[in-house]
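heads up, no residue letters with this:
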């Protein structure tokens, strides 16, 4: 598998050095679910109603767009006690993206391509693309982590997405948001 050069950016500015947040961002903190994430100024926040052990929080621009960042929290079984329970990051990423690819079908379905995967900050970071025939290519950047809240283990999946046409407008902001995710 060939990987293109990609890194989740380190957000660097004087504002960041002083406050921990870039000037064009704000920190969203979820005290109940014990996470924080830096999101672009002016983005809307929407939260789904928890059902069972699940929670969804989405961040999206005010204007109509195909770009967003979401945090999905799912309960895990007792045999998944840490992120490595899913396997090493490269094998996990290849299985995830390979399971989405339907480009081999006749007629071809969605084409999925793994761009990069790495483990850092106690999280798995995965970048990949999805493209339905005749549609724009969608870039997805995910950060995954596992925590224990005292009763059960939870999988956090942070996913930022944008289409090719919105890459210049939202790509950098979404990369910053996904890379800023932390447990508190």
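Arrived safely. Owing to the predicted nature of the structure, the values given are computational and were not obtained by experimental measurement.

What about the residue lying closest to residue 137 once chain neighbours are set aside, how many residues nearby?
Once flanking residues are discounted, residue 137 sits nearest to residue 131: 4.2 Å by C-beta to C-beta, 6 or more residues apart in numbering. All C-beta spots, glycine's among them, are computed from the backbone N, C-alpha and C. Using other C-beta atoms under 10 Å, residue 131 has 18 other residues around it.

Tell me what residue 131 is bridged to.
residue 111 (DSSP bridges).

right, and it touches residue 110 too?
Yes - between residue 131 and residue 110 there is a contact at 6.7 Å, judged by C-beta atoms under 8 Å.

Show me where the chain dips below the pLDDT cut-off.
Across the chain, the ranges flagged by pLDDT under 70 are 1-22, 50-53.

Which residue ranges of it form strands?
25-30, 35-40, 44-47, 55-60, 68-75, 111-120, 123-131, 138-148, 153-163, 182-183 (DSSP state E).

tell me, what's touching residue 131 and residue 110 both at once?
Common contacts of residue 131 and residue 110 (C-beta atoms under 8 Å, 6 or more residues apart in numbering): none found.

on that earlier part again, list the contacts for the residue nearest to residue 137?
110, 111, 137, 138.

Turn the strands of the chain into CSV, columns for distance to residue 175.
Formatted as CSV, these follow (distance: least, C-beta to C-beta, whole Å):
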stretch, distance to residue 175
strand 25-30, 12
strand 35-40, 11
strand 44-47, 19
strand 55-60, 14
strand 68-75, 10
strand 111-120, 11
strand 123-131, 9
strand 138-148, 6
strand 153-163, 7
strand 182-183, 15
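
Could you report the neighbour count for residue 90?
With other C-beta under 10 Å as criterion, residue 90 counts 17.

For it, give its distance to residue 46.
According to C-beta to C-beta, to the nearest Å, residue 90 stands 33 Å off from residue 46.

Next: residue 124.
25 Å.

higher neighbour count, these two?
Higher neighbour count among residue 124 and residue 46: residue 124, with 25 against 11, using other C-beta under 10 Å.

Tell me the bridge partners for that one.
When assigned by DSSP bridges, residue 124 has beta-bridge partners residue 119, residue 144.
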